[in-house]
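Asks: Build me a model from this:
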Amino acid sequence: ALPILHGSQGCSSFALVLLVRHFKHMVPLQTTAMDQIATVVGGADFLEKALVKLKARTWPRLIGICTTAVAETRDEDIAGDIINAKGARPRKLIDTEVVLARTPDFAGAMEEGWSKAVTAMIEAITLPGTQDRDPAKVVILPGSNMTVADVEHLRETVESFGLTPLILPDVSGGPDEAVRVRWIPIARGGAKVEHIR
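Replies: Numbers count the residues shown, from 1 in each chain. Just a heads-up that it's a prediction; the model follows:
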């Protein structure tokens, strides 16, 4: 997965500091890096360039776009911008789910933004009524207050009952991985798009 904040670099820097402090490990958060002109006339071009560039560089299965006040203040049609970007470059964005969560800074706090992001993933990725339910699978939607250790404890508890947990979002896999030689700007592990679907 690759999270992108649609807004200025400053918005991303502030969010990144908060996330790193909470989860105690690096978070691969990208930005569309809107400038002053894009703030006034619209950031559709910045969003399209970010989607295409980041897809070509990292090949994520999921790109989650969270908006900031910079993009939301103009009441832009960001969902339409995503559709236009995918239509203009269908081959460049193939095999990647693009999910939009409208999370401006002026509407709620971290908890509301977290809830909107999880809801957006479920609504965009799942295919209601197309899958048989597996009674041995338990879906867990942890809150924003949960740490990596909390999520790991939940996983172990569910598995101790002989059940399979599907945790969304699963923040537990990242920090336990071996230290890599180079930084990879993409979240690895966690719930797979196929499992969410």
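
Asks: any idea what residue 64 is structurally, helix, strand or coil?
Replies: Secondary structure of residue 64, reduced to three states by DSSP: H, G, I helix; E, B strand; the rest coil: strand.

Asks: ignore the last one, residue 98
Replies: With three-state DSSP as the criterion, residue 98 was assigned strand.

Asks: tell me which element residue 166 is part of?
Replies: Using DSSP states H and E, residue 166 sits within strand 164-167.

Asks: Now do the contacts for the residue nearest in space to the middle of the chain.
Replies: Ranked by distance to the mean C-alpha position of the chain (CA atoms, centre = their mean), the top residue is residue 64 at 3.5 Å. When contacts are counted by CB atoms under 8 Å, 6 or more residues apart in numbering, residue 64 is found next to 1-4, 99, 101, 117, 120-121. For every residue, glycine as well, the C-beta is placed using N, CA and C.

Asks: and it, how far is that from residue 101?
Replies: To residue 101, residue 64 is 7 Å away according to CB to CB, to the nearest Å.

Asks: Quick check: neighbours shared by the two?
Replies: The contact sets of residue 64 and residue 101 overlap at 117, 120-121 (CB under 8 Å, 6+ apart).

Asks: quick one on the thing from earlier: any buried residues in the strand holding residue 166, and which?
Replies: Buried positions in strand 164-167, judged by neighbour count with 16 or more other CB atoms under 10 Å: 165-167.

Asks: Only alpha carbons, please: show it as CSV.
Replies: Below are the C-alpha coordinates for strand 164-167, written out as CSV (Å, rounded to 0.1, in the frame of the first residue of the first chain):
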residue,chain,number,x,y,z
THR,A,164,-7.9,-16.5,10.9
PRO,A,165,-7.9,-12.8,11.5
LEU,A,166,-8.2,-10.2,8.7
ILE,A,167,-7.1,-6.9,10.2
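
Asks: and after that strand, which helix or strand comes next?
Replies: If you walk from strand 164-167 toward the C-terminus, the next helix or strand you reach (DSSP H and E) is helix 193-196.
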